[in-house]
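Asker: Return a 3D structure for these sequence lines:
(one chain, ligands or ions: 2)
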Amino acid sequence: MQTNFSLTQLADPQIYSAEKILRACVHCGFCTATCPTYVLLGDELDSPRGRIYLIKDMIENEQPATREVVKHIDRCLSCLACMTTCPSGVHYMHLVDHAREHIEKTYKRPLFDRAIRALLARVLTDPALFRLAAVAGWLAKPLAPLLRALGLKRMAAMLQLTPSRRLAPPSVRTGKVHAAQGARRGRVALLSGCIGPELSPATNEAAIRLLNRNGIEVVVAMGEACCGSLVHHMGREQQALAMARNNIEAWTRELEEAGLDAILITVSGCGTAVKDYGFMLRTDTAYAVKAARIAALAKDVSEYLATLDIQAAAPPARLTVAYHAACSLQHGQKIAREPKELLSRCGFVVKDVPEGHLCCGSAGTYNILQPDLAERLRDRKVANIEKLQPDVIAAGNIGCITQIAAGTAIPVVHTVELLDWATGGPVPEQLAGLAGVEPAVAVTG
Ligand code: SF4
Ligand code: SF4
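Answerer: Ligands and ions are numbered 1, 2, ... in the order given. Modelled structure (predicted):
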């Protein structure tokens with residue numbers, strides 16, 4: 001794509017990066033076929049190519065964001081299916097992140113929109129606040145249909161996604177070391193983060209047991225917190241960068257004191273953000289090197305487990321698993337094979353979901369901010385999954401798990417919980433009561 005940025009504009013490192021991305025696009029349109037919003041809406045401006053043109057026009061002409069541009073960028077899920085499809089290697093993720101930051105700086109959203117975004121940015125990144133909000137949401141949950149009928153769809157979506165069960169009591173999550181069983185083969189940090197452990201404490205517990213059982217010591221670094229991904233995708237760049245710096249400091253201390261082989265993440269949306277810390281902080285002279293070092297250590301938990309010789313003594317049950325590939329894992333991190341191979345190795349019958357490249361509609365805060373599109377994508381995803389008649393659905397991202405579980409009666413479980421169960425861990429809570437499900441035979445190690 002031809003661009004016409006001035007030398008003054010190109011002196012800005014962000015514009016410089018954006019210009020390189022724009023020039024890579026040859027407007028072939030291959031990406032439109034796999035873009036969920038284009039598939040649903042059929043509007044070129046809701047396709048990657050259309051959005052690229054909108055972004056180019058806005059930043060090249062130094063224009064404040066308009067309502068029309070904001071509408072189409074807000075509809076983008078940041079699912080990154082377009083990046084997997086693009087033959088020219090266009091880094092759409094960095095471009096749309098830049099556009100979102102520009103929108104945040106130059107566009108004044110309507111009052112309700114600003115209020116709900118501020119609320120989400122505050123509550124979803126702070127476990128203590130999230131716990132309070134979850135109690136309020138749980139009490140108000142029966143009002144969701146009424147709010148929806150009144151047209152307050154975002155509020156209704158928020159209530160619908162509130163956990164139906166009480167959250168487990170709060171626990172001190174960081175600063176703990178979980179020793180390896182037997183001879184120590186490695187040492188990793190595990191991201192605890194923000195609301196993931198509130199929504200599903202069982203996931204990180206399963207990851208720790210599984211890693212320990214395989215000789216890996218796990219530390220949850222003192223002081224680490226939210227990775228910044230949610231606010232980053234809302235264009236709140238300074239808040240996201242502050243969160244990234246905090247985690248970089250926490251992990252660098254661990255790295256320099258006791259050493260780390262990897263930093264593992266069980267929420268693939270967060271993993272995609274941590275792997276991008278090097279880019280996010282590339283112009284920060286105090287953090288650029290440290291950020292690149294931390295980003296290079298970041299791995300999805302399945303990516304790391306695939307390097308270990310995970311063995312199931314006897315499959316706990318011959319269950320059919322529909323593997324839902326989270327966008328952040330398959331498109332953001334290009335991890336597609338490992339989770340399925342691990343599940344197969346542990347005795348599960350693994351099936352791919354038709355249209356597996358299409359997002360389930362979760363996408364961070366998307367299912368709250370764009371409830372109509374998110375629901376259409378969820379229903380399409382659930383219909384595709386149910387065709388497989390699986391016993392269980394596996395996914396590597398709490399956002400997808402929550403989103404899909406809201407649309408089906410089939411249990412949805414994190415991949416790592418199934419692997420832990422198959423190698424001697426407890427039966428995942430969601431599977432209790434499923435016919436034929438027994439505790440696994442423990443593997444001695
Ligand atoms: S596939 Fe890549 S090069 Fe083609 S229009 Fe889409 S982003 Fe541009
Ligand atoms: S990130 Fe997803 S929704 Fe956004 S343009 Fe790319 S394919 Fe479409």
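Asker: only C-alpha atoms for contact and neighbour calcs from this point on.
Answerer: OK.
Asker: Near ligand 1, which residues of the stretch 1-150 of the chain are found?
Answerer: 25-31, 49, 86-88, 90 (C-alpha under 6 Å from any ligand atom).
Asker: Derive a ChimeraX selection command for the buried subset of those residues.
Answerer: To isolate in ChimeraX the members of these that are buried, counting by 16 or more other C-alpha atoms under 10 Å, one can use:
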select :25,27,29,31,49,86,90
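Asker: Just the residues of the stretch 1-150 of the chain next to ligand 1: which are in strands?
Answerer: Judged by DSSP state E, strands contain none of these.
Asker: what about the protein, any weak spots by pLDDT?
Answerer: 168-172, 315, 435-436, 438-445 (pLDDT under 70).
Asker: Next one: the most centrally placed residue in the chain from residue 396, what distance?
Answerer: The chain has residue 269 as the residue nearest its centroid, 1.7 Å off, counting by C-alpha atoms, centre = their mean. Distance, residue 269 to residue 396, by C-alpha to C-alpha, to the nearest Å: 9 Å.
Asker: what touches both of the two?
Answerer: residue 329 (C-alpha atoms under 8 Å, 6 or more residues apart in numbering).
Asker: got the residues of this structure near ligand 2?
Answerer: Residues of the chain lying near ligand 2 (C-alpha under 6 Å from any ligand atom): 35-37, 47-48, 76-82.
Asker: who wins for neighbours among these?
Answerer: The most crowded member of the residues of the chain next to ligand 2 is residue 48, carrying 31 neighbours; neighbours defined as other C-alpha atoms under 10 Å.
Asker: right, and it touches residue 33 too?
Answerer: No - counting by C-alpha atoms under 8 Å, residue 48 stays clear of residue 33, with 9.8 Å between them.
Asker: Does residue 424 belong to a helix, a strand or coil?
Answerer: Classification of residue 424 using DSSP: H, G, I helix; E, B strand; the rest coil returns coil.
Asker: rewinding a little: just the ones of the residues of the stretch 1-150 of the chain next to ligand 1 in helices?
Answerer: Of those, the ones assigned to helices by DSSP state H are residue 49.
Asker: Can I get the residues of the stretch 1-150 of the chain next to ligand 1 in CSV including distance to residue 342?
Answerer: Shown next, in CSV, are these (distance: C-alpha to C-alpha, whole Å):
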residue, distance to residue 342
25, 36
26, 38
27, 38
28, 37
29, 35
30, 32
31, 30
49, 36
86, 28
87, 29
88, 32
90, 31
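Asker: thinking again about what came up before, my understanding was that the residue nearest to the centre of the chain contacts residue 395; is that so?
Answerer: No - the criterion here is C-alpha under 8 Å, and residue 269 misses it with residue 395 at 11.8 Å.
Asker: Please verify my assumption that residue 300 contacts residue 265.
Answerer: Yes - contact criterion C-alpha under 8 Å: residue 300 and residue 265 qualify, at 5.0 Å.
Asker: can you list residues touching both of those two?
Answerer: The contact lists of residue 300 and residue 265 share residue 271, where a contact means C-alpha under 8 Å, 6+ apart.
Asker: Starting from the helix or strand hosting residue 102, tell me the next helix or strand along the chain.
Answerer: Secondary structure from DSSP states H and E places residue 102 in helix 92-106. The helix or strand immediately downstream of helix 92-106 is helix 111-123, counting by DSSP H and E.
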